[in-house]
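*Asks:* What shape does this take:
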Amino acid sequence: MGAGEGQVNLVNWPGYVVKAQKAGDPDWVTPFEKSTGCKVNYKDAGSSDEMVTLMKSGQYDGLSASGDATLRLIYSGEVAPVNTKLVPNYETVAPFLKDRPWNSVPTGSGTSQMYGVPHGWGANVLMWNQSAVTPAPDSWGAVFDANSPYKGKITAYDSPIYIADAALYLKATKPELKITNAYELDDTQFNAAVDLLKTQRGLVGEYWSDATKNISAYEAGSIVLGTTWQYNANVIGADKKVKVGTTVPKEGSTGWSDTWMISSKAKHPNCMYQWMNWIISPKANAEVAEYFGEAPAQTKACDQTVDKNHCTTYHALDQAYADKIAYWTTPTKDCGDDRGSVCKDYSAWTQAWTTIKG
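*Replies:* You can find the predicted model right below:
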């Protein structure tokens, strides 16, 4: 790796790149700038679709991509393979986050080529208002039941990737559909998931993609049940305005494992490699994981968290918990099995989502 170029331009989820505005604010950017000489310029993105669009502009050196964006970026040539030997802190990243379908590509020799470094991960959990919803739900059926007593007060994540949540539920409850992977859906499987979501549309009071709005809806009582992030539940718990419960239902859960990736057109590749190594260093990864509300990817980060229960709360080192999660993965036409290329790709998911919400 050569000398830093003096700056690095990033696209990121809000909360992943934080620089103090006043004394006492969280800040893991300034120490990086001082130690490397690479000034960090960054842009918060509100969705995976926005991230993909921004990366195609060629103005950015890298991004923190979720699995519903990664393969789009890899197969369109927008991001480059990562030489993990140039990222020393990669060695102690949790093994169950490496060489996965959303952050690597098979080489054909039984190995995979990484296209980034894992950053943090978590499950999309079922959350409910404990005073309004009884008994405590243990199944995603609670948000899909057409006769739900909570009609109008149910919420769902506002993204085409939410179709996978319906598919995961159907995988467990409709074995005749033979769904094996919630992101590899043929015509029949896909249509079943879309039909379920069209039925759910009549139950949904509000779709959410902004965590703050999701939190506010629960605290206001306009929403009492739905899919969320553990971060949202923790904020509500800290606010103490309403008591909520969360669970990974018996059917399992979708979730995310975010990956820092480098642009194939990066103008500052050395600074980008230094950033990737920094953000998964124990202290920085602990800081961002606590701030955002997720499990750190770095196994050594758990010794650095201020809250010594953080890694327990987020199951950071718990591979059994992690294995329950169907991580966001960009749908492609390739079904990944002997069905061939008859599965619905992300463009089809996007079109269907517009129809569902319409």
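*Asks:* and Ala352, backbone torsions?
*Replies:* For Ala352, the backbone dihedrals (degrees, to the nearest 10) come out as phi -70, psi -40.
*Asks:* Spit out the contact partners of it.
*Replies:* 160, 163, 190, 194, 344 (Cβ atoms under 8 Å, 6 or more residues apart in numbering). (C-beta placed from N, C-alpha, C; glycine too.)
*Asks:* from memory the first one sits against Thr350, does it?
*Replies:* So the one you mean is Pro160. Yes: at 4.8 Å, Pro160 counts as touching Thr350 under the criterion of Cβ atoms under 8 Å.
*Asks:* Of the two, which one has the most company?
*Replies:* Pro160 (22 against 15; other Cβ atoms under 10 Å).
*Asks:* ok, now which ones touch that one?
*Replies:* 68, 346, 349-350, 352-353.
*Asks:* ok so, going back, mind listing which of the contacts of Ala352 are in helices?
*Replies:* 163, 190, 194 (DSSP state H).
*Asks:* need these in JSON lines with neighbour count and distance to Gly152, can you?
*Replies:* Shown next, in JSON lines, are the ones in helices among the contacts of Ala352 (neighbours: other Cβ atoms under 10 Å; distance: Cβ to Cβ, whole Å):
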{"residue": "Ile163", "neighbour count": "26", "distance to Gly152": "22"}
{"residue": "Phe190", "neighbour count": "22", "distance to Gly152": "27"}
{"residue": "Val194", "neighbour count": "21", "distance to Gly152": "22"}
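*Asks:* List the buried residues of stretch 202-222.
*Replies:* Judged by neighbour count (16 or more other Cβ atoms under 10 Å), stretch 202-222 contains these buried residues: 203-208, 211, 214-215, 217-219.
*Asks:* Tell me how far that stretch lies from the chain's centre.
*Replies:* 19 Å (Cα atoms, centre = their mean, to the nearest Å).
*Asks:* Ok, stretch 333-347 next?
*Replies:* 22 Å.
*Asks:* for stretch 257-266, same thing?
*Replies:* 15 Å.
*Asks:* And stretch 294-301, by the same measure?
*Replies:* For stretch 294-301, the separation from the chain centroid amounts to 15 Å (computed by Cα atoms, centre = their mean).
*Asks:* ok, now stretch 127-139?
*Replies:* 24 Å.
*Asks:* Could you pull up the mean pLDDT of the helix or strand encompassing Tyr42?
*Replies:* Here Tyr42 sits within strand 39-44, counting by DSSP states H and E. In this model, strand 39-44 carries a mean pLDDT of 96.
*Asks:* Direction included, what does it pair against?
*Replies:* Using DSSP bridges, the strands paired with strand 39-44 are strand 7-12 (parallel).
*Asks:* where does this protein have its least confident helix or strand?
*Replies:* When the helices and strands of the chain are scored by mean pLDDT, DSSP states H and E, helix 230-239 comes last with a mean of 86.
*Asks:* can you give me how far it is from the chain middle?
*Replies:* 18 Å.
*Asks:* on contacts alone, who are the packing partners of it?
*Replies:* Applying 3 or more Cβ pairs under 8 Å, 6 or more residues apart in numbering; DSSP states H and E, one finds that helix 230-239 contacts strand 117-129, helix 211-220, strand 244-247.
*Asks:* could you give the angle of it to strand 117-129?
*Replies:* 50 degrees (axes from the mean of the first three to the mean of the last three Cα atoms, to 10 degrees).
*Asks:* Would you mind listing the buried residues in helix 230-239?
*Replies:* 230-236.
*Asks:* what's the answer for stretch 194-201, then?
*Replies:* Neighbour-count burial for stretch 194-201 [16+ other Cβ under 10 Å]: 194, 196-197, 200.
*Asks:* cool, and stretch 265-273?
*Replies:* Under the neighbour-count criterion of 16+ other Cβ under 10 Å, stretch 265-273 has 265-266, 268-273 buried.
*Asks:* nearest residue to Ser47 other than its sequence neighbours?
*Replies:* Distances taken as Cβ to Cβ, 6 or more residues apart in numbering place Ser209 nearest to Ser47, at 6.4 Å, with adjacent residues excluded.
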